[in-house]
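Q: quick one, what's the 3D model for this:
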Amino acid sequence: QVQLVESGGGLVQAAGSLRLSCAATGRTFRSYVMGWFRQTPGKEREFVAAVSASGGSTYAADSVKGRFTISRDNAKNAVYLQMNSLKPEDTAVYYCAAGAVGGMRPGSYNYWGQGTQVTVSS
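A: Below you'll find the predicted structure:
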C-alpha cells in the first residue's frame, strides 16, 4: 500500500516555474514506477511524465518535453516535477501516481494522490 500527497501547486505567470512534490508513505515506494498526470474539467486525465523505480529512466509527453523534468529520491520517498517555461495551457490539476508497470495510461497506475492545482496566467 502506498499513500501519495502532492504539494507545490499554485498560481504562476506564463514563462514562470513551479516545482511539484509528491510525498509517499510505504516501504515499497522504491519498487514502483512513478508518474505525473494532469486533468482539466471535462477532459480525460493526461500523462505528463514518468520515472522508473530506480530513477534511471524518465520519459515525458511531447507537450512538456524540454520544459518539465521528473525526478525521484528513493531515500526520501519522494518524486518531483520541475516545470519551467509554463504556459496557460499547462493549467490543470496535477496528480502523482504509483504503479507496478507504469506507462502512459492512467489505468496502469495503482495508487493516486489527491491532486494539486496549477494555474498559469497569461
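Q: now the strands for the chain?
A: Ranges of strands within the chain are 3-7, 10-13, 18-25, 33-39, 46-51, 58-60, 68-73, 78-83, 92-99, 111-112, 116-121, based on DSSP state E.
Q: what angle sits between the first one and strand 33-39?
A: Read that as strand 3-7. Relative orientation of strand 3-7 and strand 33-39, computed by axes from the mean of the first three to the mean of the last three CA atoms, to 10 degrees: 50 degrees.
Q: residues in contact with strand 3-7: which ones?
A: The list of residues contacting strand 3-7 from outside it, by CB atoms under 8 Å, 6 or more residues apart in numbering, reads 20-26, 94-98, 111-116. Just so you know, the C-beta spots here come from the backbone N, C-alpha and C atoms, and that holds for glycine as well.
Q: returning to what we had before: how about the strands of the chain, which one is nearest Arg105?
A: With distances scored as CB to CB, the stretch of these nearest to Arg105 is strand 46-51 (7.4 Å).
Q: output the closest one as PDB, nothing but the C-alphas.
A: Listed next in PDB are the C-alpha coordinates belonging to strand 46-51 (Å, rounded to 0.1, in the frame of the first residue of the first chain):
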ATOM      1  CA  GLU A  46      -3.400  13.200 -19.400                       C
ATOM      2  CA  PHE A  47       0.000  11.700 -19.000                       C
ATOM      3  CA  VAL A  48       2.800  14.200 -18.200                       C
ATOM      4  CA  ALA A  49       5.900  12.300 -17.200                       C
ATOM      5  CA  ALA A  50       7.100   9.100 -15.500                       C
ATOM      6  CA  VAL A  51      10.300   7.800 -13.900                       C
END
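Q: give the pairing partners of it; include direction for each.
A: Strand pairing for strand 46-51, using DSSP bridges, gives strand 33-39 (antiparallel), strand 58-60 (antiparallel).
Q: residues making contact with stretch 10-29?
A: Contacts for stretch 10-29 (CB under 8 Å, 6+ apart): 1-9, 34, 36, 74, 77-88, 94, 96, 98, 113, 116-122.
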